[in-house]
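A.B. asks: here are the coordinates; sequence isn't available:
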Ligand SMILES: Nc1ncnc2c1ncn2[C@@H]1O[C@H](COP(=O)(O)OP(=O)(O)OP(=O)(O)O)[C@@H](O)[C@H]1O
Ligand SMILES: Nc1ncnc2c1ncn2[C@@H]1O[C@H](COP(=O)(O)OP(=O)(O)OP(=O)(O)O)[C@@H](O)[C@H]1O
Ligand SMILES: [Mg+2]
Ligand SMILES: [Mg+2]
């Protein structure tokens, strides 16, 4: 019984523990690692990925996947910057509206036609990036954030951390409550665990799926908008391959890609883990770029293998 | 019969699938407080009718009258909201979610903030399950429970909503006798509360214990409907099978005809001291050629695990399996099958059929290496084998190329049997071979088991149906908590003795 | 009718595009044009064949692009020993990557998408460590492999065609092919039926790795340079699209070889059409998105996820 | 056959030459204006943030030049990061370099816009930033120190001049664009088009598709191009890799060298060799050897000298006339 609890703990909070270990290693190994500045840079840069990953967590728990988030992220940024010339509200709402709509459409297609989320959101990845390129004249135009209030949303600080960090924390907490303590959250788990059974138990499967992709789209757009506020511009070269980072973070956080299990805490830990690994690589300061990739790949494999072995141990125990 | 009293009524329901008419002008009226048996052969259309009642399927023709008004349920959710609650044939819950969350999904208790109140959620769940004699940790994932316990959870879930109609599609197929008793208690309470129940089962005894009325479906049509009391058992069977009463009487109900002669010779398979933590501790079983050995015991006693251990599908902590005196490498199904040990799994859907493949490919699957030359399959040989077995087992399919998932449960079971017979095993481990199949098919399967034993095959028969066990087996081992607690042979093979063997130990 | 569209929808789509091009694209009917399209699609077809097998087992292989890069790197490194040796080593590299992916999936039990995602990152890095930048070569044998033709048909195309036939044979006529489909349909049942599930799984990823490596060698031969940095970037998405557009469901249990090739051709023709009509990148991507959705929609497996 | 890896030339061959500022240049920036304090370069932490993988000749030569020069000057603590073409990562990289105590930052930016967070942080700590090869859209001397690099727009114009020269001012030209959204792509395209418009209206640009700066993509697009537009006279490739891909495509289609005039930008060894072989018409250089100039600028700045707001280097051009002799200087 005790063993089982430990096993479960390790699987659910494995990312957190590896994170702890890495932080200790970094602190002991590098003088400049455990500084407030460095920690702040990791946390701040992770917050955008985290917002997207929260949406992805819902999608993956529901048994789906969303490959379009990278494109939605960059589109959100471009739209926010574009919209900022018309004021704060437009800057914030325009990306939310468009990215939310994109998520909604993908969700509707997935829920109504039964097409595989992988392929639908792959089309989304292409289509949304195309839209972004169209808006920015094939990427040639970078809109600048003209509205100081909106820029402050991404750059303002409290205690050395920018607003988006706090917003991310709030969103993560809200997502936790949503997932664990509401009917919607239960429905997400249920359809990811056994879609057919969920339908027979009266879960509104289609509607839940639509909401999940809508949410993912909204959060990706929001993250993009916040990032544009932070950068003061709608950079057009962002987000390529971001979906893979996000998925990796969610999986490292212990959410099963088959759906039905996982959570937001793990995801946040997974995102931070990726950030800390990157920071450690930067601390070393002279790994060639190719070697960095080998290290990242090996690390990802290591974490999932360890997790897998732990969860096996748990099942036996 | 006063139509106005009906809570739920089917009027001329017709439902077609490509190639079959699953329901053909079906009429059925269900009154408040009535327990209505729905019976018929495999593929007669019972599950389909239920799915029409609950909004899973939409009828091609005919009307559904609920509470006196024509109704169309768009989704199962609609039906559930309207008060029709269902337990489906296969356990349909979410394995990774906790027991409590499964039980109360969609109606979790909320606190003042409108979010789920976990304390009350668990308390509530515990209280409900206690009524059903289930005392488990409701926070554990559902999948950690045995299949019977899972079925009880499904049952509790269905009944504990405020339903006007409760539909049960073979609820007892994975319940142990004590649980069946609990279930009947629940049904009687429902009847007293004026709730209507539709009860589907292939176990005729049960029908007579709890049901008031019966509707017999045959090939999608209503063959009979009326009160159950006074309807002779053999008459009911003849209605289901569509054969003359006289003919049925002549053939008798004897499923097993073989004399339980003493079988001699060296065991063809011998399992010694099979041990696996928490599951099996030192189970020893042997089967001789031509012998049918029964495994009895309650749910969770470790019968399935014993069989799985023998074919190498369950890694062992200790023990050994010998086939014809030679030890099998542990944990390797391939080796066991090559040595002549095959197992028909209990969970047809999860471990048996490959739904996307045709009947033909499903039958040939395990025997492929033997039906191929140098890794290249021979269609001629496959066709021959498939033809032989489809005929011999009387598999009802449009063609060998029909997808196996479109067959009814009983025919799927026969396909699986064919898969195993095609590898020419020396020993066949049958885990609940007649679960969920109709009397006709059941008799055929049982006759087949006899026939196979006659031909010298060793059979290990696992069944929760004591009658089947007693009539089929030459020798019976009774398991409890992963250990053999008794062995019965010869005249000792009776239902009472088995019960006693189980109980003796349980009390002690 | 519905079934016909499902099974042959992708053929109809290819036909439609052909007709469009014949009508509206100058010089489309030239032999040289078809040659160009076939030559360009050959590596994608080869990769898609492996991908179709992997998807048949309910898996996915994201590492194919990186394996192509690894093969390119190894080819460059060992070209000093002759083209044959270099190709051999490249194929071995692909097989080893396949073993790694397959072992993670089959023996450790990691989900295919995650296991091969780790490989996607790591193997490309490895390829770059081996050959940090583009390397040109003048080995006549390798160049011949990329540019010569037999009876007017480029070698690359012939190789892709032969491999297609081989994989089709594998799927339809061999025990292995049946086992792939059975495992994808119901893994637990396959295990109890005594299929060598783990071995088959590993083998499937090895085949995918081998095919990807071969595609990498061919692309390298054609480019007359080894470019591990950008070779095969995002080809996994093209391959998956080709497979799915061809009507193989991502949920496994089915492998459709001819349709997969058609799927690859469809995507190739589409991109060629968009390039030839000089559409800006933004339009190209949006049109591709719509066509992918439409194609997948008509070939979808009804009632399945 | 051994792989032919182009080793960066040794010595001073191919060294960057400053074009502007000339001696009478405009506004300058001094240490006191900038507001920092003097420090010793050799003992300070210096950060270099590279934008893309060191996988193409340009990036390899660039990083090598910075590292070599730092070693030569005895800078003990040079920290190098690589953003792997991910802009968000580059921002974080630089922030972490600052957090690690870098006193001087040399940045090869992936993008010109979006540097707000880094600039704020660097300004707060008075860390001078020298951006190389690409500009940052911000205020020199306040937000960053200066920019050293080529004028991409000008490169595009010069490429146009070469193309006009090659085709005699008329004919049909195709453009192989760089990666979409990239500033370099935009400027090299605009420079080329503007110049063509003003100087050779007879030259039509009938095709423009992205080759994403990669050789294979350049090859594939060119294969489609020469098939559907057989009347094309010239190809302007926005970097050498795509040009070389185009060459492979032309060879594969059985074309003779020189029948289609190709002009490209960068000046890699292989491209210059291709001029010698007759496949390329000319190449405008974009010199990546920023090390000496960057550190010299830093030294001057720390010594109190005024630094111009931008240091534009003079890019050579290679053509039939000088290609053979200049091979040693190409990177
Ligand atoms: N989805 C489907 N597609 C095609 N045919 C179907 C489908 N579902 C059921 N059928 C067919 O409809 C008929 C009735 O099936 P149904 O499942 O209702 O039988 P049943 O009476 O419940 O049998 P069992 O006792 O085996 O559960 C069978 O012939 C079956 O093959
Ligand atoms: N409360 C429990 N705690 C731990 N494990 C349990 C518990 N209940 C059931 N199990 C596991 O589930 C198994 C029950 O499986 P199963 O019901 O298949 O047993 P069985 O004897 O084969 O009965 P049957 O064949 O009738 O289903 C047990 O062997 C045990 O390993
Ligand atoms: Mg049924
Ligand atoms: Mg069992």
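C.D. replies: Now that the structure is in, tell me what you want to look at. The shown structure was predicted, so the numbers you read here are calculated from the model rather than taken from an experiment. Numbers count the residues shown, from 1 in each chain, chains lettered A, B, ... in the order given. Ligands and ions are numbered 1, 2, ... in the order given.

A.B. asks: residue in chain D nearest to chain A?
C.D. replies: residue D:181 (2.7 Å; Cβ to the nearest Cβ). Every residue, glycine included, has its C-beta placed from N, CA and C.

A.B. asks: from memory residue D:268 sits against residue D:331, does it?
C.D. replies: Yes. Here residue D:268 reaches residue D:331: they are 6.1 Å apart, a contact under Cβ atoms under 8 Å.

A.B. asks: The residue of chain D closest to chain A should be in a helix, yeah?
C.D. replies: No. Counting by DSSP: H, G, I helix; E, B strand; the rest coil, residue D:181 is not part of a helix but coil.

A.B. asks: Contact partners for it?
C.D. replies: A:133, A:136, A:138-140, A:236-237 (Cβ atoms under 8 Å, 6 or more residues apart in numbering or on different chains).

A.B. asks: Quick check on the closest residue in space to it that isn't next to it in sequence: phi, psi?
C.D. replies: For residue D:181, ignoring the flanking residues on the chain, the nearest one in space by Cβ to Cβ, 6 or more residues apart in numbering or on different chains is residue A:139 at 2.7 Å. Reported as degrees, to the nearest 10, the phi and psi values for residue A:139 are phi 80, psi 0.

A.B. asks: Quick check: which ranges of the chain have low pLDDT?
C.D. replies: All of this is about chain A. The model of chain A has pLDDT under 70 over residues A:1-12, A:311-317.

A.B. asks: wait, chain D
C.D. replies: D:1-13, D:20-26.

A.B. asks: Could you check which residue of it lies nearest chain C?
C.D. replies: Residue of chain D nearest chain C, by Cβ to the nearest Cβ: residue D:55 (3.7 Å).

A.B. asks: now chain A
C.D. replies: Taking Cβ to the nearest Cβ, chain A has residue A:297 as its residue nearest chain C, at 2.3 Å.

A.B. asks: OK, contacts around that residue?
C.D. replies: C:118-123, C:125.

A.B. asks: Let me know the closest of these to ligand 2.
C.D. replies: residue C:118 (33.7 Å; Cβ to the nearest ligand atom).

A.B. asks: Test my guess that that closest one contacts residue A:300.
C.D. replies: Yes. Contact criterion Cβ under 8 Å: residue C:118 and residue A:300 qualify, at 4.3 Å.

A.B. asks: And the helices in the chain?
C.D. replies: Here I'm looking at chain A. A:2-29, A:36-61, A:69-83, A:88-113, A:117-135, A:148-155, A:163-181, A:183-193, A:195-200, A:205-231, A:242-252, A:264-284, A:289-316 (DSSP state H).

A.B. asks: right idea, wrong chain: chain C
C.D. replies: C:2-24, C:31-56, C:64-78, C:83-103, C:112-130, C:140-147, C:155-173, C:175-185, C:187-192, C:197-223, C:235-245, C:257-276, C:281-298.

A.B. asks: which one of the ones you listed has the most crowded surroundings?
C.D. replies: helix C:64-78 (a mean of 30; mean count of other Cβ atoms under 10 Å in any protein chain shown).

A.B. asks: which secondary structure elements does it contact?
C.D. replies: Applying 3 or more Cβ pairs under 8 Å, 6 or more residues apart in numbering or on different chains; DSSP states H and E, one finds that helix C:64-78 contacts helix C:31-56, helix C:83-103, helix C:112-130, helix C:197-223, strand C:225-226, helix C:235-245.

A.B. asks: and the angle for the fourth one with helix C:140-147?
C.D. replies: It refers to helix C:197-223. 100 degrees (axes from the mean of the first three to the mean of the last three Cα atoms, to 10 degrees).

A.B. asks: With the third one instead?
C.D. replies: For helix C:112-130 against helix C:140-147, the angle between stretch directions is 140 degrees (the same axes, to 10 degrees).

A.B. asks: Helix C:112-130 - what's its average pLDDT?
C.D. replies: Helix C:112-130 shows a mean pLDDT of 91 in the predicted model.

A.B. asks: so how far is that helix off the chain centroid?
C.D. replies: When distances are taken as Cα atoms, centre = their mean, to the nearest Å, helix C:112-130 is centred 17 Å away from the chain's centroid.

A.B. asks: Could you list every helix and strand in contact with it?
C.D. replies: Using 3+ Cβ pairs under 8 Å, 6+ apart: helix C:112-130 touches helix A:242-252, helix A:289-316, helix C:64-78, helix C:83-103.

A.B. asks: can you state the direction angle for the third one and helix C:235-245?
C.D. replies: With the same axes, to 10 degrees defining the directions, helix C:64-78 sits at 130 degrees from helix C:235-245.

A.B. asks: do the same with the shortest one
C.D. replies: Computed with the same axes, to 10 degrees, the direction of helix A:242-252 lies at 90 degrees from that of helix C:235-245.

A.B. asks: Show me what helix A:242-252 is packed against.
C.D. replies: helix A:36-61, helix A:69-83, helix A:264-284, helix A:289-316, helix C:112-130.

A.B. asks: wait, which of those is closest to residue C:168?
C.D. replies: Checking the helices and strands packed on helix A:242-252 against residue C:168 by Cβ to Cβ gives helix C:112-130 as the closest, at 22.9 Å.

A.B. asks: give the contact list for the closest residue to the residue of chain A closest to chain C other than its chain neighbours.
C.D. replies: Distances taken as Cβ to Cβ, 6+ apart place residue C:122 nearest to residue A:297, at 2.3 Å, with adjacent residues excluded. Going by Cβ under 8 Å, 6+ apart, residue C:122 touches A:293-294, A:296-298, A:300-301, C:66.
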